[in-house]
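Chemist: okay, here's the prediction I keep looking at, along with the sequence it came from:
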Amino acid sequence: MGSREIFALRRGGKAPEALELARTEYSDHSSDVWFLRAYGWVLYDVANKAVAAFESKSISAVTLARQLSPCLQEFAKFGDALRGDGTFSQMVRLATKVSKDLPDFLAFARWAGVDSFSEDDRTPFVNREGKTLDSLERRFMRAICREAVSLAGESHPANQLVGWGLGMLERALEGQPGDQWLNYYQSKLHLSRGEAELAVRRLAPVLRRQPRAAWTWALLGEILEGTRPSDALTCFGFATQLAREEVEVAKTRIRLARHLAACGRYAESAHQVWLALDYRERKGFRVPDELSRLLSSDWYRQAQGSSSGPNLPDQSGAARALLKELDQKSLTYTTGVIDHINLARSLSYVATSLQDGIALTHRQFPDVAALVPGTVVEVGRVESDGRALDWRISQLKEIAGLCEVRSGRLTRPLDRDFAFVGANGDRVFVPPPLARDFAPGEASEVRCVAIRRADHNGRVGWRAVSFFPDEPASAGLREAPSDAESLRHFHTAEP
């Protein structure tokens, strides 16, 4: 008896008989990879049946664990030989699907590890609707991190499984620092450790990416409720207004009711208490202790909560203001200079080094459109290479080696529409829109703002972007052209 007989029984729909045969014959075929595959697929059938029953609500989470955990433990006894195999991937996939409801998930995950996935398991895939989904490897790693963080506040620090899972979170963030779910889990971990400021910093980028998600605002409320209760109330209230289904904010609504009561807003609080209770009664869920305490309070009995109670005012404006405030605290500002304005694309380009820069769109930052080239600004971002989220005028007027005031003699060749300024041993290129105010063949002493940049070939040079008003070039400050295309002569023109 071997793999063929087991596969035959499996194809015939006789999974129990196939599993019994595999167990009986295992000792004689423990090094036969085909036998182990047959054994693994039969276990998969049993496990998959339990998961399907749980997803259809035919069995409870307790029953799921009682049926699935033994399958995973049995597979782990011989599964090392199947690492990288399809059987291994499918067992990991099943465990990942129900990881929230599987007490032994972290134990199985530690055995499986994160280094045995096939190339297909590491690759995102496209479903029938054309939507790109995360790879099995990424979903498995996130599940590990989520479960480790959820247990971190309850378990002893010496718990090896939790410690291993938190190590996986640290490793995952090193490889994917911008992953919103990993940052969300790290924020919850900081919260469980009482590190509110770090928790906010981790959550802020997630909030920017998911500003209409109830769960992000609910977590921010939890972080702030110990130090900023009024802002926490805003977060909880906004979360309940964003939620598409009550299950998203079942616990958050109780927190909201408690904060409203603490502020003396009893009528609003009573309505939230009624909604929380109504949801649990309709679903047949247990009433948590905190909700019971609210229900038994004197003020609730007097307020008489009902479905027609006063709704909370719209919290969106206060939430946006709070997010902007948190953004400013979590941003890192980079100093640069307005290099040029691209009217066609409605943006101003800020040069931050010889070759790097940041685009500020006029739609997102309308006031930037009024800044002339040569204006030194500071741009706020979360990541060093992330998108701009804020800007402000810098106290600096010059940036050494990048944006400087240059004085010297300007000369414009007789047969050219551009000019050069000889300044401190350097030549500053003057583009045609600025050079046209100077007569060809004549020399003038000038003072200008110049920017030092590298062109697409890597050649570095200075380019004038404006002249000072006391120069003969203009009665007022002569600005550089707004269209970047007019700078095409930079480095390429010959005198």
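Modeler: The structure has been received and is ready for your questions. Residues are numbered from 1 along each chain as shown.
Chemist: what is the neighbour count of His456?
Modeler: By other Cβ atoms under 10 Å, the residues close to His456 number 8. Where C-beta positions appear, they are placed from N, C-alpha and C, glycine not excepted.
Chemist: ok so it is a helix residue?
Modeler: No. The assignment for His456, made by DSSP: H, G, I helix; E, B strand; the rest coil, is coil rather than a helix.
Chemist: residues in contact with it?
Modeler: Shown here is His456, which makes no contacts under the criterion Cβ atoms under 8 Å, 6 or more residues apart in numbering.
Chemist: how near is it to Gln355?
Modeler: In this structure, His456 and Gln355 are separated by 10 Å, where distance is defined by Cβ to Cβ, to the nearest Å.
Chemist: check Gly441 too.
Modeler: Look at Gly441 and Gln355: by Cβ to Cβ, they are 35 Å apart.
Chemist: check Leu242 and give its pLDDT.
Modeler: pLDDT, Leu242: 96.
Chemist: let me fix that, I meant to ask about Arg459.
Modeler: 89.
Chemist: and it, how far is that from Val337?
Modeler: Taking Cβ to Cβ as the criterion, Arg459 is separated from Val337 by 19 Å.
Chemist: the more surrounded of those two?
Modeler: Set side by side, Arg459 and Val337 show more neighbours around Val337, with 27 against 11, by other Cβ under 10 Å.
Chemist: return the set of buried residues in the helix or strand harbouring the more buried one.
Modeler: Under the assignment given by DSSP states H and E, the secondary-structure element containing Val337 is strand 332-342. The neighbour-count criterion (16 or more other Cβ atoms under 10 Å) identifies 334-342 as the buried residues of strand 332-342.
Chemist: a strand runs through Ser292, doesn't it?
Modeler: No. Under three-state DSSP, Ser292 falls outside any strand and is assigned helix.
Chemist: does Cys448 count as helix, strand or coil?
Modeler: Secondary structure for Cys448, judged by three-state DSSP, is strand.
Chemist: in the sheet, who's paired with it?
Modeler: Under the criterion DSSP bridges, Cys448 forms beta bridges with Arg406, Phe467.
Chemist: contacting residues for it?
Modeler: Taking Cβ under 8 Å, 6+ apart as the criterion, Cys448 is in contact with 405-407, 421, 428, 430, 464-468, 471.
Chemist: re earlier: between which two of the buried residues of strand 332-342 is the distance greatest?
Modeler: The largest distance within the buried residues of strand 332-342, taken as Cβ to Cβ, falls between Thr335 and Asn342 and amounts to 21.0 Å.
Chemist: who are the packing partners of the helix or strand containing Gly165?
Modeler: Following DSSP H and E, the helix or strand that holds Gly165 is helix 160-175. For helix 160-175, the elements it packs on are helix 105-112, helix 136-152, helix 180-192, judged by 3 or more Cβ pairs under 8 Å, 6 or more residues apart in numbering; DSSP states H and E.
Chemist: enumerate the positions of it that are buried.
Modeler: 161-162, 164-166, 168-169, 172-173.
Chemist: what does stretch 304-319 give?
Modeler: By neighbour count with 16+ other Cβ under 10 Å, stretch 304-319 contains the buried residues 305, 309, 312, 315, 318-319.
Chemist: from the residues you listed, which one has the minimum pLDDT?
Modeler: Gly305 (71).
Chemist: dump the residue contacts of that one.
Modeler: 270-274.
Chemist: these into CSV, with extra columns for neighbour count and pLDDT?
Modeler: Listed next are those as CSV, based on neighbours: other Cβ atoms under 10 Å; pLDDT from 0 to 100:
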residue, neighbour count, pLDDT
Ala270, 26, 94
His271, 22, 94
Gln272, 28, 95
Val273, 26, 95
Trp274, 20, 94
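Chemist: where exactly do the helices run in the stretch 251-400 of the chain?
Modeler: 266-283, 289-295, 298-303, 316-330 (DSSP state H, counting those that start in this stretch).
Chemist: most packed of these?
Modeler: helix 266-283 (a mean of 19; mean count of other Cβ atoms under 10 Å).
Chemist: against which helices or strands is it packed?
Modeler: The helices and strands touching helix 266-283, judged by 3+ Cβ pairs under 8 Å, 6+ apart, are helix 250-262, helix 289-295, helix 298-303.
Chemist: quick one: which of those is nearest Leu396?
Modeler: Leu396 lies closest to helix 250-262 among those, at 43.9 Å (Cβ to Cβ).
Chemist: list the contacts of that closest one.
Modeler: Residues lying outside helix 250-262 but in contact with it, judged by Cβ under 8 Å, 6+ apart, are 214, 218, 221-222, 225, 229, 232-233, 236-237, 239-240, 246, 266, 268-270, 272-273, 275-276, 279-280, 288, 290-291, 294, 297, 299, 312.
Chemist: distance from the chain centre to it, please.
Modeler: 27 Å (Cα atoms, centre = their mean, to the nearest Å).
Chemist: can you point out the buried residues in it?
Modeler: The neighbour-count check on helix 250-262 (16+ other Cβ under 10 Å) flags 250, 252-261 as buried.
Chemist: what do you get for stretch 32-40?
Modeler: Neighbour-count burial for stretch 32-40, counted by 16+ other Cβ under 10 Å, picks out 32, 35-40.
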